[in-house]
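1. Sharing a model that was predicted from the sequence below.
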Amino acid sequence: MPKTLGKDSTCSIARSLDVLGDSWTLLIVREAMLADSTRFQEFRDALGIAPNILAKRLAVLVDEGLMERRTYREPGLRARDEYVLTEAGRGMSVIIAALATWGRTYRPRADGTSPRFVLEDSDTAARLAFVTPDGDVVPPARLIAHRTPDEVLDRTA
C-alpha cells in the first residue's frame, strides 16, 4: 500500500513530500547539485550520514527517478555505483534555492553559506522570484495561495 500524507494525498506538495520529506534526502540532492558528489563515500564524507541510511535514501532517489545509478570502475578496483542527478533531480534546484533563500532570510548565521545559482555559460547570477505574466516581480508577502487542480495550472502556465 503506497504511503500517503494527510487526507489530501492528491496535493502536489504531499506527492513531493512522499519522496522528499526526509532531511537527508534533500541534503543528498544538495551535495549532488552543489558539490557534484556522485559516489557513496563522497556523500558519507560530506554529510556524516550512516551508511545504512545513505543506502536507503539513494535507493529511494533512484526508484523515484531523481537519480540514476551508473556503474564505474577505477583501474585495479572492483566495480562500484555512482549516483547522478536526472532531469527530475536537477529540477529540484528551485527547491534547494527556495530553502536556501528562506534559511538565509529567516535563519541567518554570521558564518552561514548558501548556494549561488549562475548560468553555466556566463556565470551570470540567477535568483528565484514570483513573476506575473507581465514580468513583474512580486514579493512573497503580497501573495496568497489557493488550492487549484493541476490541470488548470498546467493550462495557464
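-> Okay, I see it.
2. Centre-most residue in the protein?
-> Closest to where the C-alpha atoms of the chain average out (Cα atoms, centre = their mean) is Met92, at 3.5 Å.
3. in what helix or strand does the residue nearest to that one when sequence neighbours are not counted lie?
-> Nearest non-adjacent residue to Met92, counting by Cβ to Cβ, 6 or more residues apart in numbering: Val29, 5.3 Å away. In short, each C-beta sits where N, CA and C put it, glycine included. Assigned by DSSP states H and E, Val29 falls within helix 23-34.
4. and the residue of the chain most remote from its centre, how far is that from Thr124?
-> Within the chain, the residue lying farthest from the chain centre (Cα atoms, centre = their mean) is Gly76, at 34.4 Å. Going from Gly76 to Thr124 by Cβ to Cβ, to the nearest Å gives 43 Å.
5. list the contacts for the closest residue to Ala32 other than its chain neighbours?
-> Spatially, and ignoring its direct neighbours in sequence, Ala32 is nearest to Leu85 (5.1 Å; Cβ to Cβ, 6+ apart). Each residue near Leu85 by Cβ atoms under 8 Å, 6 or more residues apart in numbering is listed here: Val29, Ala32, Met33, Leu66, Met67, Glu68, Met92.
6. per-residue confidence at Leu85?
-> Looking at Leu85, its pLDDT is 98.
7. what about it, distance to Leu77?
-> 24 Å.
8. Average pLDDT for the host helix or strand of Asp154, rounded please.
-> Using DSSP H and E, Asp154 sits in helix 150-156. Averaged across helix 150-156, the pLDDT comes to 85.
9. Just the C-alpha atoms of it, please, in PDB.
-> The C-alpha trace of helix 150-156 is given here as PDB (Å, rounded to 0.1, in the frame of the first residue of the first chain):
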ATOM      1  CA  ASP A 150      -3.100  20.700 -11.600                       C
ATOM      2  CA  GLU A 151      -4.800  20.600 -15.000                       C
ATOM      3  CA  VAL A 152      -6.000  24.200 -14.600                       C
ATOM      4  CA  LEU A 153      -2.400  25.300 -13.600                       C
ATOM      5  CA  ASP A 154      -0.900  23.400 -16.500                       C
ATOM      6  CA  ARG A 155      -3.200  25.100 -19.000                       C
ATOM      7  CA  THR A 156      -2.400  28.600 -17.600                       C
END
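10. which stretches of the protein form helices?
-> Counting by DSSP state H, the chain has these helices, from start to end: 12-20, 23-34, 40-47, 51-63, 87-90, 93-106, 150-156.
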